[in-house]
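Novice: my questions are about this predicted structure, shown below with the sequence.
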Amino acid sequence: MKLYNTLTRQVEDFIPHDSSEVKMYTCGPTVYHYAHIGNLRTYIFEDILEKTLRYVGYPVKRVMNITDVGHLSSDSDSGEDKMVKGAKREHKTVLEIADFYTQAFFQDLEDLHIKKPEIICKATSLIEFYLHMIDVLMEKGYAYQSGGNIYFDVSKLDDYYKLTNHKIDEMVVGVRDGVEEDLCKKNQADFALWFTKSKFEDQELKWDSKYGTGYPGWHIECSGISIKYLGEYLDIHCGGVDNIFPHHTNEIAQSEAYLGHSWCRYWCHGEHLNDSTGKMSKSKGEFLTISLLKEKGYNPLVYRLFCLESHYRKQLVFSFDNLDRAASTYEKLIRRIQNIQANVSGELQEDLYQTYQSQFQSTLEQDLNTANALTILYDVIKAEELNSYTKLALIENFDTVLSLGLLEEQEQEVNIEQDTYIKQKIAERNFAKENKNYVLADQIRDELSKMGILLKDTREGTIYEIEKR
Ligand code: AMP
Ligand code: ZN
């Protein structure tokens with residue numbers, strides 16, 4: 001399997017540290033608001049990655065955090081804690097906000113057929129472990145106390161910028177949003193591991209520690225949760241491209257300094273979903289959610305299809321026109337599969353099954369080429385060499401990764417009574433033809449046609465399609 005690795009800036013063969021289990025960590029949501037459909041594009045890409053790994057035969061252990069403390073409105077340690085901001089906005093407590101938006105996030109995952117990672121850990125549940133990591137970083141001389149906070153000293157590392165390949169003063173982040181400079185830091189890129197008095201004011205959640213009562217920085221939580229559950233060697237770490245700096249850069253710095261060796265081999269990042277005004281973001285106020293798409297009458301799986309039609313490393317522009325196009329593709333796709341299922345016949349054509357299955361697998365193995373994987377699905381649907389039984393077996397197999405509800409939708413929509421009626425009419429028409437009563441045969445076909453049921457005579461017998469109205 002080949003994956004693009006942000007760390008080496010090339011597509012590489014994927015070789016896990018321990019082939020008995022792939023260890024995968026994916027940054028989760030900050031639960032101060034609904035996830036927007038841009039965030040969910042990243043979770044869809046990660047879902048495809050996990051399912052592809054499983055599809056090609058790797059057992060996967062995947063962990064995701066839920067950020068319920070420590071993520072400030074600027075990723076570079078300034079501004080208000082996003083959770084506190086969310087709580088104020090809704091006149092609720094931080095815990096109420098966290099619970100509500102965590103459940104909303106789980107509902108989004110379900111609606112989009114995204115598999116929940118086995119381990120989902122709230123940032124607030126591992127405070128002791130972050131403090132232990134901070135102790136080690138202090139002992140090793142990588143961290144220092146200043147103005148009451150604990151910071152990581154990036155000047156102690158030669159390769160702090162290895163993930164981005166750019167120095168902080170070359171980047172917009174860190175100096176964006178008119179961020180005020182934190183005078184407690186020794187270097188501009190140093191980042192907080194533990195906040196105390198300098199960031200207090202109305203912080204609701206805080207914990208006692210030998211560094212003073214306070215709360216953890218955002219970055220340490222992902223390193224802590226990952227190392228706690230996945231151990232010292234991580235295979236894959238994912239997120240959206242905005243996580244590359246400073247979040248993932250800081251995760252690498254503190255994890256490798258703590259462990260004393262290199263930590264994660266493959267860094268995989270999904271590109272952003274943009275709207276006509278640029279990057280979709282929550283700070284812009286109004287933003288699109290899955291529940292909003294549902295209210296407007298879209299099946300959430302149409303959005304999943306829309307994402308899979310393009311490569312995860314390419315920026316994608318959202319518009320309702322584009323979504324409508326995906327909705328029409330999805331409807332046709334389901335309709336064609338319904339027609340196949342309404343006329344199941346034949347036995348599994350093993351050789352052909354293998355051929356199409358391995359084409360599908362190898363296209364996903366090329367850095368998750370979902371657009372080509374969809375093309376192979378369409379090829380299967382129209383292939384004349386395949387009988388309907390084999391087609392359905394392949395569709396079912398492909399959908400273990402695509403998760404577009406290809407057969408589920410069909411089960412809901414197939415009307416058994418109608419199916420029995422049509423099949424009876426086909427049998428009557430066949431009988432009429434055998435008896436050379438072509439007038440009756442045509443009459444039956446025309447009657448069905450008026451009802452939107454089109455008959456097709458194939459080598460395997462007569463099948464029907466329901467005309468799209
Ligand atoms: P957050 O809840 O803000 O921590 O973000 C959750 C995930 O969504 C992170 O992996 C981000 O990198 C990702 N993300 C943020 N904005 C976008 C966007 N416009 N398109 C795709 N992914 C995004
Ligand atoms: Zn993270």
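Specialist: That came in fine, so what should we check first? Numbering: from 1, shown residues only. Ligands and ions are numbered 1, 2, ... in the order given.
Novice: need the residues of this protein near ligand 2, please.
Specialist: By the rule C-beta under 5 Å from the ion, the part of the chain lying against ligand 2 is Cys27, Cys222. Yep, even glycine has a C-beta here, placed from its N, CA and C like the rest.
Novice: tell me the domain ranges of the chain?
Specialist: Residue ranges for the domains of the chain, per automatic domain parsing: 2-270, 295-402, 416-466.
Novice: is the longest one anywhere near ligand 1?
Specialist: Yes: legend: contact between domain 2-270 and ligand 1 by C-beta under 6 Å from any ligand atom is shown at Cys27, Pro29, Thr30, Gly38, Asn39, Arg41, Thr42, Gly239, Gly240, Asp242, Asn243, Gly270.
Novice: quick one: end-to-end length of that domain, please.
Specialist: With C-alpha to C-alpha, to the nearest Å as the measure, the first residue of domain 2-270 is 15 Å from its last.
Novice: with respect to burial, which of the domains of the chain scores highest?
Specialist: Ranked by mean neighbour count under mean count of other C-beta atoms under 10 Å, the domains of the chain are led by domain 2-270, which reaches a mean of 19.
Novice: just how off-centre is that one within its chain?
Specialist: Centre-to-centre, domain 2-270 and its host chain are 16 Å apart (C-alpha atoms, centre = their mean, to the nearest Å).
Novice: ok, Leu183 to Asp190 distance?
Specialist: Applying C-beta to C-beta, to the nearest Å, the value for Leu183 to Asp190 is 12 Å.
Novice: again with Gln145
Specialist: 12 Å.
Novice: ok so, going back, can you redo the domains of the chain as CSV with mean pLDDT?
Specialist: Formatted as CSV, those follow (pLDDT from 0 to 100):
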stretch, mean pLDDT
domain 2-270, 91
domain 295-402, 97
domain 416-466, 87
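Novice: contacts only, for the closest residue to ligand 2 within the stretch 1-150 of the chain.
Specialist: Ligand 2 sits closest to Cys27 of the stretch 1-150 of the chain, with a gap of 3.1 Å, by C-beta to the ion. Shown in contact with Cys27 (C-beta atoms under 8 Å, 6 or more residues apart in numbering): Met64, Asn65, Cys222, Cys238, Gly239, Asn243, His247.
Novice: can you add secondary structure and give those residues back as JSON lines?
Specialist: Below are the contacts of Cys27 laid out as JSON lines (DSSP: H, G, I helix; E, B strand; the rest coil):
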{"residue": "Met64", "secondary structure": "strand"}
{"residue": "Asn65", "secondary structure": "strand"}
{"residue": "Cys222", "secondary structure": "helix"}
{"residue": "Cys238", "secondary structure": "strand"}
{"residue": "Gly239", "secondary structure": "strand"}
{"residue": "Asn243", "secondary structure": "helix"}
{"residue": "His247", "secondary structure": "helix"}
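Novice: name the residue of the stretch 301-450 of the chain that lies nearest to ligand 1.
Specialist: In the stretch 301-450 of the chain, the residue that lies nearest ligand 1 is Leu316 (8.1 Å; C-beta to the nearest ligand atom).
Novice: which ones are touching the spatially closest residue to Gln366 that is not a sequence neighbour?
Specialist: Spatial nearest neighbour of Gln366, excluding adjacent residues (C-beta to C-beta, 6 or more residues apart in numbering): Lys2 at 5.8 Å. Counting by C-beta under 8 Å, 6+ apart, Lys2 touches Val11, Glu12, Asp13, Phe14, Glu365, Gln366, Asp367.
Novice: which residue ranges form the strands in the stretch 251-400 of the chain?
Specialist: 264-270, 273-275, 278-279, 316-317 (DSSP state E, counting those that start in this stretch).
Novice: not counting the longest one itself, show me its contacts.
Specialist: Looking back up the chat, that one is strand 264-270. For strand 264-270, contacts defined as C-beta under 8 Å, 6+ apart pick out 3-7, 12, 14, 17, 25, 41-42, 45-46, 49, 163, 233-241, 243-244, 248, 252, 255, 312-313.
Novice: what about 7 Å?
Specialist: Residues outside strand 264-270 that contact it (C-beta atoms under 7 Å, 6 or more residues apart in numbering): 3-7, 14, 17, 41-42, 45, 49, 163, 234-241, 243-244, 248, 312.
Novice: same check, this time on the second one
Specialist: For strand 273-275, contacts defined as C-beta under 7 Å, 6+ apart pick out Ile37, Gly38, Arg41, Met280, Gln315, Leu316, Val317, Phe318.
Novice: Tyr161 in helix, strand or coil?
Specialist: State at Tyr161, reduced to three classes by three-state DSSP: coil.
Novice: state the distance from it to Gly278.
Specialist: Distance, Tyr161 to Gly278, using C-beta to C-beta: 26 Å.
Novice: hmm, back to that, of all the domains of the chain, which one is nearest Phe287?
Specialist: Nearest to Phe287, of all these, is domain 2-270, at 4.2 Å by C-beta to C-beta.
Novice: what helices or strands is the strand or helix carrying Asn39 leaning on?
Specialist: Secondary structure assigned from DSSP states H and E places Asn39 in helix 37-55. Here helix 37-55 touches strand 22-26, strand 60-66, strand 234-240, strand 264-270, strand 273-275, helix 300-308, helix 350-365, helix 388-402, going by 3 or more C-beta pairs under 7 Å, 6 or more residues apart in numbering; DSSP states H and E.
Novice: could you export these as JSON lines, including distance to Gly212?
Specialist: Below are those laid out as JSON lines (distance: least, C-beta to C-beta, whole Å):
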{"stretch": "strand 22-26", "distance to Gly212": "29"}
{"stretch": "strand 60-66", "distance to Gly212": "24"}
{"stretch": "strand 234-240", "distance to Gly212": "30"}
{"stretch": "strand 264-270", "distance to Gly212": "31"}
{"stretch": "strand 273-275", "distance to Gly212": "40"}
{"stretch": "helix 300-308", "distance to Gly212": "44"}
{"stretch": "helix 350-365", "distance to Gly212": "50"}
{"stretch": "helix 388-402", "distance to Gly212": "49"}
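Novice: can you say which of these is nearest to Gln107?
Specialist: Per C-beta to C-beta, nearest to Gln107 of these: helix 300-308, 9.9 Å.
Novice: from the chain's centroid, how far away is the closest one?
Specialist: Remark: helix 300-308 is offset 11 Å from the chain centroid, using C-alpha atoms, centre = their mean.
Novice: does that helix reach ligand 1?
Specialist: No: applying C-beta under 6 Å from any ligand atom, one finds helix 300-308 separated from ligand 1 by no less than 9.6 Å.
Novice: and the angle from that helix to strand 264-270?
Specialist: Put simply, helix 300-308 runs at 110 degrees to strand 264-270, going by axes from the mean of the first three to the mean of the last three C-alpha atoms, to 10 degrees.
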